[in-house]
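Participant: the amino acid sequence is not available; the structure is as follows:
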């Protein structure tokens, strides 16, 4: 199953994790706490982890096109939620 990963440097990883999960929970199945979250999109999965060094994002899907879609949804929302800092999501193959 194709997968990709990013570590987004931020001191507010837990806050962004909770905000993303809360937002996505209005449309898809999501479970989360202060340190980790799992988002079940129709086209794939995303696991978020708040770490000291930033927000870890791991996405997987059944094919490359679906993986690209999951990654773009997460990145666009995360970057949109960042008002006081510039967040960059740089994906690497997992």
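Facilitator: Yes, it's here. Owing to the predicted nature of the structure, the values given are computational and were not obtained by experimental measurement.
Participant: give me the number of residues near residue 19?
Facilitator: Using other Cβ atoms under 10 Å, residue 19 has 15 neighbouring residues. (Glycine included, C-beta is placed from N, CA and C.)
Participant: is it true that it touches residue 81?
Facilitator: Yes. Residue 19 is in contact with residue 81 according to Cβ atoms under 8 Å; the separation is 5.4 Å.
Participant: which residues touch the helix or strand of the chain with the lowest mean pLDDT?
Facilitator: Comparing every helix and strand of the chain by mean pLDDT, DSSP states H and E singles out strand 92-93 as the least confident one, with a mean of 94. Outside of strand 92-93, the residues within contact range by Cβ atoms under 8 Å, 6 or more residues apart in numbering are 3, 4, 5, 6.
Participant: stretch 32-41 now?
Facilitator: Contacts for stretch 32-41 (Cβ under 8 Å, 6+ apart): 14, 17-18, 20-22, 24, 28-31, 45-50, 69-70, 73-74.
Participant: and the residue in the chain sticking out farthest from the centre, how far is that from residue 15?
Facilitator: Going by Cα atoms, centre = their mean, the residue of the chain most distant from its centre is residue 84, 18.7 Å out. For residue 84, the distance to residue 15 equals 11 Å [Cβ to Cβ, to the nearest Å].
Participant: try residue 47
Facilitator: Residue 47 is 18 Å from residue 15, by Cβ to Cβ.
Participant: could you do residue 45 as well?
Facilitator: 22 Å.
Participant: picking up where we left off before, what's the helix or strand for the residue farthest from the centre of the chain?
Facilitator: Using DSSP states H and E, residue 84 falls within no helix or strand.
Participant: residue 18 too?
Facilitator: Here residue 18 is assigned to helix 13-24, by DSSP H and E.
Participant: what residues of that helix count as buried?
Facilitator: 13, 14, 16, 17, 18, 20, 21, 24 (16 or more other Cβ atoms under 10 Å).
Participant: same check on stretch 72-89?
Facilitator: For stretch 72-89, the neighbour count (16+ other Cβ under 10 Å) marks 73, 74, 75, 78, 82, 87, 89 as buried.
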